[in-house]
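*Asks:* give me a 3D structure for the following:
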Amino acid sequence: MEEIEPLEPGRYYHIYNRGINGTALFSTAHHYRFFLKQYANYLTPVVDTFAYCLMKNHFHLMVRVKEAHEFDRETLLSERGWLKVPNVSRQFSNLFNSYAQHFNANTQRTGSLFERPFHRKVVADDSYFTRLIFYIHNNPVKHILTGDLTTYLHSSYQSHLSAKPTLLMREAVLTWFGGRKEYIRFHQDMNNEDFGDIFTHPVSGHRP
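*Replies:* Next up, the predicted model:
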């Protein structure tokens, strides 16, 4: 059996998973909203989220695992009743289990919903961080759900440009690209090039 690396504090990860045997994870707009609601409940206390995209039978996330000094233990205890900071992988499992129970009850299905274990890749350099933002947002185009990534409703692209409150690391992402205009231009430019392997394109800068 393949050994799964633990999610380590302070590191950035590309997290992705799909429905078991390719089964649908989302059937209605309510399901997308409920997944994000549960994600905020279980994961926001332990990770920073930079980008996401929810597809019909899979999803992609880019996160950074928080370090010990970043936790407000008094708030975790008073607002959530957590006596200690939870294990991040366990929080993902709690998310998947909670969502699966709701989805199954809502769609009259039974059994496992997500593949196990969920997939993770370390975002080891700045180039990968930058290109991964586009890769995640471009997934609906890649899978021919839309011809324009900017119109897809279930990704973080529009949230990054919105003025509405968000739990995303919006300002960090926009600052990383140099502002709103540069963020938009980057996505446009990437649409016009042969994207290829997201590991192969050098980009200067330092991750937020």
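
*Asks:* I'd say residue 14 and residue 61 touch.
*Replies:* Yes: with contact defined as CB atoms under 8 Å, residue 14 reaches residue 61; the gap is 7.4 Å. Every residue, glycine included, has its C-beta placed from N, CA and C.

*Asks:* more neighbours, the two?
*Replies:* Comparing residue 14 with residue 61 by other CB atoms under 10 Å, the one with more neighbours is residue 61, at 23 against 20.

*Asks:* who does that one form a beta bridge with?
*Replies:* residue 15, residue 52 (DSSP bridges).

*Asks:* residues contacting the helix or strand hosting residue 182, please?
*Replies:* Per DSSP states H and E, residue 182 falls inside helix 180-191. For helix 180-191, the surrounding residues in contact (CB atoms under 8 Å, 6 or more residues apart in numbering) are 130-131, 133-134, 137-138, 141, 149-150, 157, 160-161, 173-174, 177.

*Asks:* buried residues, that helix. List them.
*Replies:* 183, 186, 187, 190 (16 or more other CB atoms under 10 Å).

*Asks:* please apply the same query to stretch 112-132.
*Replies:* Those would be 113, 114, 115, 118, 120, 123, 127, 128, 129, 130, 131, 132, for stretch 112-132 by 16+ other CB under 10 Å.

*Asks:* what's near enough to touch the last one?
*Replies:* Okay, so that is residue 132. Counted by CB under 8 Å, 6+ apart, residue 132 has contacts 14, 51, 62, 123, 198.

*Asks:* 10 Å instead?
*Replies:* Residue 132 makes contact with 12, 14, 50, 51, 60, 62, 121, 123, 198, 199, according to CB atoms under 10 Å, 6 or more residues apart in numbering.

*Asks:* count of neighbours near the closest residue to the third one other than its chain neighbours?
*Replies:* Nearest in space to residue 50, with sequence neighbours left out and distances taken as CB to CB, 6 or more residues apart in numbering, is residue 62 at 4.5 Å. A count of nearby residues for residue 62, using other CB under 10 Å, gives 26.

*Asks:* mind checking how far residue 62 is from residue 130?
*Replies:* Applying CB to CB, to the nearest Å, the value for residue 62 to residue 130 is 11 Å.

*Asks:* give me the common contacts of the two.
*Replies:* residue 123.

*Asks:* which pair in the buried residues of stretch 112-132 has the greatest spatial separation?
*Replies:* 113 and 127 (33.8 Å; CB to CB).

*Asks:* which SS class is residue 74?
*Replies:* helix (DSSP: H, G, I helix; E, B strand; the rest coil).

*Asks:* how many neighbours does it have?
*Replies:* Neighbours of residue 74 under the rule other CB under 10 Å: 8.

*Asks:* same thing with the one 4 residues further on?
*Replies:* Residues lying near residue 78 (other CB under 10 Å) number 10.
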